[in-house]
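K.L.:
sequence and computational prediction follow.
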2 protein chains.
Amino acid sequence: MASLGAHKKKHKVAVIGSGNWGTTIAKVIAENTAEHGDLFEEEVRMWVFEEEVTVPKDSPDYDPGSELCSKPQKLTFVINTLKENVKYLPGVPLPKNIQANPSIEETVKDATILIFNLPHQFISKTCDSIRGKVLPYARGVSCIKGVDVSDQGIELFSESIGRKLGIYCGALSGANIASEVAKEKWSETTVAYDPPSMDSRQPTPEGSPRHSIEINVTEGNEAPKSRHSAYKLTALPADYPPLSHENMKQLFHRPYFHVRMTDDVAGVSLGGALKNVVALAAGWVDGLGWGDNAKAAVMRVGIMEEVKFGRLFFSDSAKPQTFTEESCGVADMITSCSGGRNFRCAKLSVVKKKPINEIEAEELNGQKLQGTSTAYEVNEFLRSKRMENEFPLFTSVYKILEGKNQPQDIPWLLEGRASAKM
Amino acid sequence: MASLGAHKKKHKVAVIGSGNWGTTIAKVIAENTAEHGDLFEEEVRMWVFEEEVTVPKDSPDYDPGSELCSKPQKLTFVINTLKENVKYLPGVPLPKNIQANPSIEETVKDATILIFNLPHQFISKTCDSIRGKVLPYARGVSCIKGVDVSDQGIELFSESIGRKLGIYCGALSGANIASEVAKEKWSETTVAYDPPSMDSRQPTPEGSPRHSIEINVTEGNEAPKSRHSAYKLTALPADYPPLSHENMKQLFHRPYFHVRMTDDVAGVSLGGALKNVVALAAGWVDGLGWGDNAKAAVMRVGIMEEVKFGRLFFSDSAKPQTFTEESCGVADMITSCSGGRNFRCAKLSVVKKKPINEIEAEELNGQKLQGTSTAYEVNEFLRSKRMENEFPLFTSVYKILEGKNQPQDIPWLLEGRASAKM
């Protein structure tokens, strides 16, 4: 690391979002900025959508004698004072170097690394509020799972963030449940980071990315929703340590949170979205009592359809190995098909013989299943390409949701394509 | 299939072994020979190691008034009369065209396809008993899981069968539990079949295999235990339908048992052996209460070490995709790490804080865990190659079994290699 000492500046990191996953990632990052002072400023700013909270009595920081605990307080004040997000990550002590901030403009000011970790429906508005207020050479990483799919095409959340802010944005996804990572239970994750090489310095400021980031998200589609190539990226000044894979890994890797780096932003993002569709099928099959082998078969076919989806629609970027070998692919598939909410609700719908939307209403307290909406969106997209038959599992999930088929039809629905190479 | 009508002869199939998996595969095959009369003789002979049995009172075929049920009978007689293997697959009706036979010589006589499905410790003796008594152009498929690993090298069971009988032998493996397949619960499997092209007829009798079957089982090893090249294979006469992938698939594929064909015999065999080592680690991690993500991480790393093992030691045959994309790889890994006996005993050893051999004795009624013996064999082999550090998960399982490490050490044992590309 001796050569890094030559850099005058360090990276300043801002986390945008403070739900349970956002706060967890801020904890991970703050532990790392404290350890890697050669690369990063120690303080990590975390943007908090301000609200009033009362410190719960079961919080380890609850003190009945203190003024802070006797009446409602601002969430940022509570986080900064108690070093605990009592509302969204209760019971988990946060590093001292996390600074909660209710102003998103202040949070992102001068930050060279922006970590996006908020519900996807807030991406657009949030980016609008900081457009032109981030460093032109800032780099982003989206920890938001999923992609934006419609018959118009597919846009990755990292792409829409990048496009709105005029910056490069990578992605983090893996077999991670926020509460387990927060408790430092071991898991793995995948970080995709592959900004284009944009100047002639040797080495390039970002290491040596293998290919351009111009992602053909809409192959065969008349109306591409976005292109990274539509705006010009600004090179990271040489004052800063390069944001190579090695250095980006230092920001996320912990003894309990193992990181593998990749340059496949599309694959990482797709895996996090499509596995929810597969989890519904796994839940149905499990609900039928067909056992672990049938469930494993659903997962295997699901991974293969992810690979094919990547190959057909992100041919210049998504790699098969991202789905078959990485945490964001096979491992996230396994976890989601073992006990996630899509799996559980689908299983209950078979066991209780009720439509899945009734189970959703009973079980999820107003929240919605990601798998059902993604299944409809993916089907709309595939239908627009006349490719429903190429993806028999995704299509069978849609047909079962629509009541056109039953869960017990899955084997023969898949067999219709068994002779084709998937 | 019109062109197949030109063949004068049909394939005669013999199943060697009649335990629960052997009987299940005989059932699958007999259903298919009855359906595909253009390719196969309808009758399927099944060799039964003769013993006396009493028809249990809970058998659906039990008839208190019958002489057959009133006293001990020969197992072959019971199977052929009741069409049920009351001892090893009770309660499952067998197709009428299965013919149980206590003579292994009669069973294999004139058979062109030999299906091996018996405990691995009986392979050698069984092959000795039929050496020179099988058709020289017979073809085998081994359904026996595992490989024979030692510091002398690695031999696939299909290889030792082939070598002993002077025939080509492929392999079947997948996420299959006999009792579930027998009950026609849906699952998938992988059949590896890739005999060498051995004459100049067009098309070749076996289709067009992509490469020679000379498997370098002992790369870097001074004393290869076997080579397919050490004996000469006899071409299948043109009187028979070719044993192409398409035709072999007809022998195994059922609506409830989906087959994918491959030419990677080594990969299919290795997957079935190595996953048992990984299942121990998954069980330990689960026993620690680390959750689904940690378990998925163990499986992911396990699949990657399988890929690496195949690449290093079967470089001219094993393919990464066999482990990452096929039922015999990723799906069997998932199933074995979800509830197989290796997983369960390892988990219990952590929960009950007992050595795994005590749990094995308590839980398995005298049977032995495959995972522990394979972990020791694989370690012996890796040590002989000085490659223990290249396989941190396999090696950590060995070290934990030896008491040199604890299950909670797994993350940092893996992290020691996290920077290396696995």
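P.N.:
Ah, there it is. Numbering: from 1, shown residues only, chains lettered A, B, ... in the order given.

K.L.:
for chain B, what is the nearest residue in the stretch 101-250 of chain A?
P.N.:
With C-beta to the nearest C-beta as the measure, A:Ser187 is the residue of the stretch 101-250 of chain A nearest to chain B, at 3.8 Å. In this view, the C-beta of every residue, glycine as well, is placed from N, C-alpha and C.

K.L.:
how many other residues sit next to the residue nearest to that residue when sequence neighbours are not counted?
P.N.:
Excluding the flanking residues, the one nearest A:Ser187 by C-beta to C-beta, 6 or more residues apart in numbering or on different chains is B:Asn293, at 3.8 Å. Using other C-beta atoms under 10 Å in any protein chain shown, the number of residues around B:Asn293 comes to 27.

K.L.:
now A:Ala266
P.N.:
28.

K.L.:
A:Gly166 now?
P.N.:
When neighbours are counted by other C-beta under 10 Å, A:Gly166 comes out with 16.

K.L.:
what do you get for A:Leu413?
P.N.:
18.

K.L.:
distance check, it against A:Ala175.
P.N.:
To A:Ala175, A:Leu413 is 27 Å away according to C-beta to C-beta, to the nearest Å.

K.L.:
show the contacting residues for the residue nearest to A:Arg300 when sequence neighbours are not counted.
P.N.:
Leaving out its chain neighbours, the residue that sits closest to A:Arg300 by C-beta to C-beta, 6+ apart is B:Ala331, at 4.3 Å. B:Ala331 makes contacts with A:293, A:296-297, A:299-300, B:174-175, B:188, as judged by C-beta atoms under 8 Å, 6 or more residues apart in numbering or on different chains.

K.L.:
which one of those residues is nearest to A:Val134?
P.N.:
Within the contacts of B:Ala331, proximity to A:Val134 (C-beta to C-beta) peaks at A:Met299, which comes in at 39.2 Å.

K.L.:
that closest one in helix, strand or coil?
P.N.:
Look at A:Met299: counting by DSSP: H, G, I helix; E, B strand; the rest coil, its state is helix.

K.L.:
so it versus A:Pro255, what's the distance?
P.N.:
Distance of A:Met299 to A:Pro255, computed by C-beta to C-beta: 28 Å.

K.L.:
can you check A:Gly366 too?
P.N.:
Separation of A:Gly366 from A:Pro255 (C-beta to C-beta): 37 Å.

K.L.:
one more: A:Lys353?
P.N.:
46 Å.

K.L.:
compare those two (neighbour count), which wins?
P.N.:
Counted by other C-beta under 10 Å, A:Lys353 and A:Pro255 do not tie: A:Pro255 has more neighbours, with 11 against 8.

K.L.:
show the pLDDT at that one.
P.N.:
Here, the pLDDT recorded for A:Pro255 equals 96.

K.L.:
wait, it sits on B:Leu413?
P.N.:
No - judged on C-beta atoms under 8 Å, A:Pro255 makes no contact with B:Leu413 at a distance of 11.4 Å.

K.L.:
what about stretch A:105-118, start to end distance?
P.N.:
Stretch A:105-118 has an end-to-end distance of 16 Å (criterion: C-alpha to C-alpha, to the nearest Å).

K.L.:
oops, could you answer that again for stretch A:142-158 instead?
P.N.:
The straight-line separation of the ends of stretch A:142-158 (C-alpha to C-alpha) is 6 Å.

K.L.:
try stretch A:96-104
P.N.:
Length of stretch A:96-104, first residue to last, C-alpha to C-alpha: 20 Å.

K.L.:
now that stretch: average pLDDT?
P.N.:
The predicted model gives stretch A:96-104 an average pLDDT of 98.

K.L.:
buried residues in it, which are they?
P.N.:
Counting neighbours by 16 or more other C-beta atoms under 10 Å in any protein chain shown, one finds that the buried residues in stretch A:96-104 are A:97-101, A:104.

K.L.:
can you name the two of those that are farthest apart?
P.N.:
The largest separation in these, counting by C-beta to C-beta, is between A:Asn97 and A:Ile104 at 19.4 Å.

K.L.:
number of residues surrounding the nearest residue to A:Gln321 once chain neighbours are set aside?
P.N.:
In space, A:Gln321 comes closest to B:Thr324 once its chain neighbours are excluded; the distance is 7.7 Å by C-beta to C-beta, 6+ apart. Residues lying near B:Thr324 (other C-beta under 10 Å) number 26.
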